[in-house]
Structures are given as C-alpha cells and as structure tokens.
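K.L.:
build me a model:
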Amino acid sequence: MAKPMPAHARPAGDSRVLAVLGPTNTGKTHLAIERLVAHSSGAIGFPLRLLAREVYDRVCALKGSNQVALITGEERIEPKDARWLLCTAEAMPSRSDVAFMAIDEAQLAATPERGHIFTDRLLHARGREETMILGAATLEPVIRALTPEAEIVGRPRFSTLSHIGAKKLSRIPRRSAIVAFSAEQVYAVAEMLRRFRGGAAVVMGALSPQTRNAQVALYQSGEVDYLVATDAIGMGLNLDVSHVAFAGLSKFDGARQRRLTVAEMAQIAGRAGRHQKDGTFGTLSGSGGHDAEFTDEEVYAIEEHRFPPLTRLFWREAEPRFDSLAVLIDDLSEPPDHPALAAAPEAIDLAVLRRLADEPEIAGTVRGASQVRRFWETCSLPDFRRQGVETHARFVARLWQDLRDGQLGADYVAAAIAQLDQVSGDIDTLQGRIAAIRSWAYIAQRPDWVLARDEMAARARAVEARLSDALHARLTERFVNRRTAVLMRKLGSDAGLLPVRLDGETVLVDEEPIGMLAGFRFRVDAEARHDDHKLLLAAAERHLPAVLAERAESLTLAIERGEAALTLERRAICWQGERLARLADKPNPLLPLVRLEPATDRVPAPARQRLLAALELWLELRLAPMAPLRSLEAASRDPDAGPALRALLIRLIEEGGFLPREGSGLDGLEPPQRDRLRRLGVKVGALDLFLPAMLRPGALDLWTALVGHHRTRPPERMPPVITIDGHRSLPGYRAVGRQAVRLDMAEKLVRAAHEARQGAGNGRFALDPALAVSMGLTTASYTRLLRLAGFQAIVPRALREGEFGPPAPLRWRWRPRRQPTEAPTPPPRSDGNAFAALATLIG
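P.N.:
Next up, the predicted model:
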C-alpha cells in the first residue's frame, strides 16, 4: 500500500475559515459559542475537559440536553440526535460533517507535549459552512503560512493590565491569585494564607475537573479571597481576579528548569481583570533572587501585548499506516516537509509504543493491520498518573494482554474501579486515586474495550465524583480557616457585637468555632493568628461569665448527686482532662486544702463558693480509704508515742503504709510501743511491716495521687503476684526475682513454712507448694522468698550427682540469718526440670 500524502498537504475544504486572535480577556470563547448555536450543527474543541464541560452546560441551557453532546477521553454524553458537540481537542471528530467547527487556544500547537494534536485540528478540523480558529495574536504568521484562505480578525483586550511590582504575601490585595510552579510551593503559600487571611482555594493541574471547579466556586462565592494555583490557571478558568502574583518565574517543563517565556507570563497574568475591569500583576517579594522579578522588557511586552510571533508549530502524522509496528513508528517519526512545521518531540504515547515494540514477547502478539491499530490505541492511553514512560508502559502492557484477543470483562473492570473507591487518605493519596480512576474512566469510554461499557463508565464517573468531593473537602479542611475568614470580613474592631454561643465544648462566634471550653479554661484555636487572639478572647469573654456560671452550677449539682466524673491526679482534682483545683500540702498532706484553679476566676463569686464546698465534700469522701494512714499520721505527732515509734510511723506514712522489717527500727521499740503499733493496724510480718487496709484496690492509687506521685503506680486490682522488670520496687509488693508477691500473701507463705517447721521432729521438713502455685509463683520465686525468710533447701544426693530419675521430694531446714540477702536471678533453663533448676540455684 502506498504511503498517503503528509497530513499538512491535504486540502482543507471550502468553508469560510475565520481566525480570531488576541490576548486573554477578549471574549473569543463567547464569540465561538454564539457562532456555534447560530448554526444547525457544530463542534468546538477545547484544551481542557473542565472547559468543555462548562460550555456544554451553557449550550444545554440554550438548546436542550437532548441535542448537545459532551465528548472527552473520560466522559461521553452522546444523545442520539445530538447536533452540537463540545469536546476536548484530542476527542473532537476532526473530520465530522457539521456546519460549524472551532478550535480553542490554538496557540497550544506550539507546545511540545500536545502541540501536534492542535496542529492537526488547525489544519483539518473544518465545518461545512464556517470554521473558527481561536488563539493568541502570535499565531498570525503560521496561520497565514499554513491556511492562507483564513480571514484573520484581531480582538483587543477589553481592559488594561498593569505591573505593580513585588509585594509581601501579607500585603497582597483581596481577590488575588498567587501562581506557583510546584505542588510544594502551592501548599506552602496556601498554608500561609490560611493563617494570615483565613484561607485560599487551590487549583492545580493534578486535580480532577470536578475538584478544580469546586475550588474555583469556593473562591468565586467569596468564601475565600485568595486563589493559589499552578499555571493551570492560565486557560479555561473564568475568574473574578483583580491581581495575579507570581511566586516564581521559572518552572520544570519535564526536561529542565527554565524561565517562563513572555507569552506564558502573559497568559497567566492576563487572568487579572474581567471584561472592562482593569487588572494588575506582579511578584511575591522574598520568593526568590533577582531571577524572580520581571525585567523591564517583559513588563513592557505583557502590558502592551507585544510578543515574538510563532514561526513553527509542532506536527506529527495524524493518519499513519498500520501495516506493521515498524511502519507505524516510521510514519509517526517522519518529519514534516513544510517550513512552518517542526517535528513534534516524542510524546509519551510514541515513547510507550517504542518501548513495548522492543519487547519480543509483546511485539509478537501484534499481527495484522487491525491488531497494530488496536495496539496503537492502547499505547495512546493518557498517563494521568504522570509516572513516566517506564511505569506507564508496564500498565499499558498489562492492559494489552487483555485487549489483544477481545474485551475486558465487566467483573475485572468493576473490581479495579471498586479498589479505588476509598475516600480516606490525605491530599496526595486522593490525587493518586483520582488519577488512577481517570485511567479507568478513559478505558471504560472506549467503544470496544469493555463489556457492559455504559455501566462501567457510569461506575468510574461515580467513583471519580466521590473522590473529587473528598479531595475538595481535604483541601478546604487544610487550606481554609472559615473562622478567620469570618473575622476578617465581619469583625471590625468591636468583637462584642458578634453573637457567641456554646455548642457542647465548642465556643462559636457567628456560628464559626473559635476555640474550646475545656473544663473552665477557654482555649483559642492554636491555629488562629496571634493578632486574632485578642479579638477572639474579647468576643468570647464578653459572654463567658454567664456560660461559666451555668456550668459551675451544673457541676456542683452533679458532684452532690455523685454523678460528676472527677479524678484525683498528681495532687489535683481534674474534670474533663483539665485541672479544676489543686491540693495544698499545709497543714497535712493527707488532709489537703482545696484551692480552685485560676481558670475559675471568671465564675461569679456565689457559684464559685458553692463549687468549692462541693469539691471539699467530694475530696473528704474520696479519701476515706486513707483513714488508716491518717491514724498513723496522728500518732506520729503524739509526744507520748516516743521518738523511736514516731520515726517508724513517719517512714511508714512516707512509703504508703509499707516498710521492710530489716532496718525499720522495729527492734528498738519497747513492748508498749509494739502493742500500740499493732493497735494502729500495722501488721508485723517476718519480712515487712504493712497496713493491710492499704492493700485494698484503689487505696494505693489515692496515696500515689496525694503523696507518692514520684513512685511507680501499682496495679489497679492488686493481684497476689505480678511480673516485674528488673529490680524495681512497687508499693505493697516484695520483689522475688522476676516476680513480686503482695505483702500479705508473702507473709502467708512464710507463716505456712514456719508452721511446717514447728511440726518437724528432726529439723528437716517438706513444704507443699500448692498455695504458691495457686498464686502464680514460679519455683525460683518461691525459693527466693523462703531464702529471704531464712529457709534453706536440702537437695537430694541423686540431684546433686546428676541422677535425674523420678523427682525426689524436696526438704527444707531452718537457718535463721540476721541479714537475709537477695539471691541472684538464675539463668533460664530449657530442660523443663524445675527441681534441677532449683538444685542449680542452691547446690
């Protein structure tokens, strides 16, 4: 088959071709819509899906939705009798038989990535009666060279555009757009605006059209006064912007970091001003060095709309041959033969085609013209995720394995779509899911790729809508502070004029939350500006005394009924996680005085006194389990008790009612003093002195909160045996290696051993370990406890000599020690013979 003529050499048709050229804000798109609806049929190709959708809605309002179609890569609404088509440039039917045809933003034919698409539409998209090319004035030379039949009409800008230099972000005027050239810079600027000005809408190319429209609506409605955007703002968005501030003048174009061209600067700056309303542009001061400022030549060119003309457009063969992969690649790589055209840089679809054609296992599956055409259509899947050639090629390769012999199953596509239907995650996560679902929306729109195409396409659109709503919510949550925005618009200088009310724990000013009331302490939102704090406090404090009085009365009643959720922590009474009152040591740490926190100072005096009385009563009832310690404290102040007993009692009080017998001073007490000690409820054990009442659950917690907050808190339910780390001591327990036994249980075990000893005739006796085992003590821990009490195990000869037959009964003998010492922790054994481990311990 002979190769066809190059696309640029084909005849363009006999319709009237009108090129409407001029800067932004000249009403070119509005003119095209007027001409479209004036014809019996027509189509317009737009550079962006969101712009196609916007114009689709406008034309539907004029002609009815049953006669208007929307055709994009990811969304197709095609009524049977549709006469007017709104499309993206890639999806528009360039050879369609319609009366009117238009291509918008035709100057994009000079851009590397998509330029060849716009060039093909400029050359071949023709209506039967009229064709309109809309673009910048810089297109005029190439249009005269490529379409000499075109009638060129210039459109002047309706308003003036003026440069006002650099301004600090804090001095950027309202209704401004700040343009940055990376997601990180967009986020940083938006975050600062949230703090300083109440927030900003965010527009980036990575957002879905629905999210972008929602963010624009946030700005257009006046809810926020600032818009932070990438260069995606440069086209397709009709905004009420009075000033455009550049956060930088360079960007990464996919290959290198470069300075914006003057035409790119003008495209973005031209968004300032609408119709006959003048606009301004400038830069953010402090955003960069000398290169971040406009030169005098650039300012002149932008203000006067004088830019270097375009001399060449990018071109690629639009109708290649599909004889083989090699022929297809050759046709797509062939340079043009017209001086006004230049070979397009390798786009990602061609890069993927080359990459996969070099893999024999994939190239071998592409046989015949129909398969080559289908494979090229698969490689043309847009890289919505922007992950590069290699990653995108892998995705295309997997897709081709299913498409080469048929269509994708509905279950498979539904599962892939359902996997992305998750609205959780941060901004970047949701952007990634939206990019992925856009790929599946594109796949589902293809006429012969998916079974149950309409159903799968509807599912993909529904998931994209949910993800877009979630992303809009995340952006608004992160970058819009409605409270500060309300204050900036409504507050003025008299905060008291704003209505204040309490919703649960949240204080609302004009229905916007400004802080929380935790207990009786009002906290301004930490994210509020420092300058706003005074205004917020003034607005809240004007009405807070009445609110706090009501809260105090309610809390007092709850305390009296025993329904208040009060806690005692670190010598403080707490409510709702906040300190309500502190406890003064004087005159008695076990009978402290209640001192209300300063946060309650705004409570009226009568309500405050009633609250204080209720807290004192609550504390007295709460400290009832501390009565035994208070008895010791009272005895320690009695001169008749004697110095030795008073010193011992003071030590017992300091340790929560527990004291090791060794070194306690017990031996220095006279018999009457010992009797008085027992009458005070102190148990004199073999190893420890202790108050049994303090071993009850909760008693030690109270002591820890009042006096011993520097000590390790014991377990809440005080079990007989616990496992401990290292050799740390716990109040109420005696450490025995890796375990600790409660003091009353330790005394019970030691007393049982003494009773067995007294019944033995020869001084040697056996112990039944059942009680220790029931408590959870290990053999090693039980042995340690008995050795501390002065007992020693008698190891059978068979165990000493290594004969491990049936375990012989272990016997004990009494060897009292004046100063029992702690035995070292035995190494862990793996032979499972507890008696052998015990022999190792004491042999």
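K.L.:
burial check on Thr211, number of neighbours?
P.N.:
28 (other C-beta atoms under 10 Å). C-beta coordinates here come from the backbone N, C-alpha and C atoms, glycine included.
K.L.:
again, but for the one 10 residues further on
P.N.:
Per other C-beta under 10 Å, the neighbour tally for Ser221 reads 9.
K.L.:
quick check, pLDDT for Ala200.
P.N.:
Per-residue confidence (pLDDT) for Ala200: 91.
K.L.:
how about the contacts made by it?
P.N.:
178, 189-190, 193-194, 219, 224, 226-228, 479-480 (C-beta atoms under 8 Å, 6 or more residues apart in numbering).
K.L.:
let's see that with 7 Å instead.
P.N.:
Counting by C-beta atoms under 7 Å, 6 or more residues apart in numbering, Ala200 touches 190, 193-194, 224, 226-228, 479.
K.L.:
kindly report the same for Cys87.
P.N.:
43, 45, 52, 71-72.
K.L.:
widest-spaced pair of the residues you listed?
P.N.:
Spanning the widest gap among the contacts of Cys87 are Ala43 and Thr72, at 12.6 Å by C-beta to C-beta.
K.L.:
identify the bridge partners of the residue nearest to Pro719 when sequence neighbours are not counted.
P.N.:
Excluding the flanking residues, the one nearest Pro719 by C-beta to C-beta, 6 or more residues apart in numbering is Arg742, at 7.4 Å. Residues in a beta bridge with Arg742, per DSSP bridges, are Tyr733.
K.L.:
what is the burial count for Arg742?
P.N.:
Counted with other C-beta under 10 Å, Arg742 comes out at 22.
K.L.:
so it sits against Leu695, correct?
P.N.:
Yes: between Arg742 and Leu695 a contact is recorded at 6.3 Å, counting by C-beta atoms under 7 Å.
K.L.:
what touches both of the two?
P.N.:
718, 732.
K.L.:
that older thread, which of the contacts of Ala200 has the largest number of neighbours?
P.N.:
Those, ranked by neighbours (other C-beta under 10 Å): first place Val228, 32 neighbours.
K.L.:
and that residue, backbone torsions?
P.N.:
Val228 adopts backbone torsions of phi -110, psi 130, taken as degrees, to the nearest 10.
K.L.:
check Glu54 too.
P.N.:
Backbone phi and psi, for Glu54 under degrees, to the nearest 10, turn out to be phi -60, psi -50.
K.L.:
let's have the chain start at 49 instead
P.N.:
In the new count, where the first residue is 49, that last one comes out as Glu102.
K.L.:
since we're on it, how many residues are nearby?
P.N.:
19.
K.L.:
which residues touch it?
P.N.:
Glu102 touches nothing, counting by C-beta under 7 Å, 6+ apart.
K.L.:
among the contacts of Cys135, which one sits closest to Asp517?
P.N.:
Looking across the contacts of Cys135 and measuring by C-beta to C-beta, the closest to Asp517 is Thr120, at 19.8 Å.
K.L.:
can I assume the closest one is in contact with Ala139?
P.N.:
Yes: using C-beta under 7 Å, Thr120 is in contact with Ala139, at 5.3 Å.
K.L.:
who's more crowded, these two?
P.N.:
Neighbours were counted for Thr120 and for Ala139 using other C-beta under 10 Å; Thr120 has more, 25 against 19.
K.L.:
quick check, Pro779 in a helix?
P.N.:
No: checked against DSSP: H, G, I helix; E, B strand; the rest coil, Pro779 lies outside a helix; its state is coil.
K.L.:
so it sits against Gly704, correct?
P.N.:
Yes: the criterion here is C-beta under 7 Å, and Pro779 meets it with Gly704 at 4.5 Å.
K.L.:
look at the two and report which has more neighbours.
P.N.:
Gly704 (24 against 20).
K.L.:
relative to Leu468, how far out is the more buried one?
P.N.:
59 Å (C-beta to C-beta, to the nearest Å).
K.L.:
for Gly327, same thing?
P.N.:
40 Å.
K.L.:
same deal with Thr186?
P.N.:
Thr186 sits 41 Å away from Leu468, going by C-beta to C-beta.
K.L.:
cool, and Arg670?
P.N.:
Counting by C-beta to C-beta - Arg670 and Leu468 are separated by 55 Å.
K.L.:
cool, and Ile181?
P.N.:
39 Å.
K.L.:
how about Pro740?
P.N.:
Distance from Pro740 to Leu468, by C-beta to C-beta: 64 Å.
K.L.:
so these two - more neighbours on which side?
P.N.:
Leu468 (19 against 14).
K.L.:
contacting residues for that one?
P.N.:
Remark: with contacts taken as C-beta under 7 Å, 6+ apart, Leu468 is in contact with 481, 484-485, 511.
K.L.:
now swap in Ala311 and tell me
P.N.:
By C-beta under 7 Å, 6+ apart, the neighbours of Ala311 are 184, 186, 355.
K.L.:
can we see that at 6 Å?
P.N.:
Going by C-beta atoms under 6 Å, 6 or more residues apart in numbering, Ala311 touches Phe355.
K.L.:
now Ser813. Its backbone dihedrals?
P.N.:
One thing to correct before we go on: residue 813 is Phe, not Ser. phi -150, psi 160.
K.L.:
and the pLDDT at it?
P.N.:
The model's pLDDT for Phe813 equals 79.
K.L.:
same check, this time on Ala804
P.N.:
83.
K.L.:
isn't it right up against Phe813?
P.N.:
Yes: at 4.9 Å, Ala804 and Phe813 qualify as touching, with contact defined as C-beta atoms under 6 Å.
K.L.:
who has more neighbours, the two?
P.N.:
Phe813 (19 against 16).
K.L.:
and that one, what are its bridge partners?
P.N.:
Trp860.
K.L.:
helices of the stretch 599-748 of the chain, start to end?
P.N.:
653-670, 675-684, 691-702, 719-727, 747-754 (DSSP state H, counting those that start in this stretch).
K.L.:
closest one to Trp448 among those helices?
P.N.:
helix 747-754 (68.4 Å).
K.L.:
quick check: next helix or strand after that closest one?
P.N.:
Next along the chain after helix 747-754, taking DSSP states H and E as the criterion, comes strand 769-771.
K.L.:
go through that following strand and flag the buried ones.
P.N.:
Buried residues in strand 769-771, defined by neighbour count with 16 or more other C-beta atoms under 10 Å: 769-770.
K.L.:
so how far is it from its chain's centroid?
P.N.:
Counting by C-alpha atoms, centre = their mean, to the nearest Å, strand 769-771 is centred 41 Å from the centre of its parent chain.
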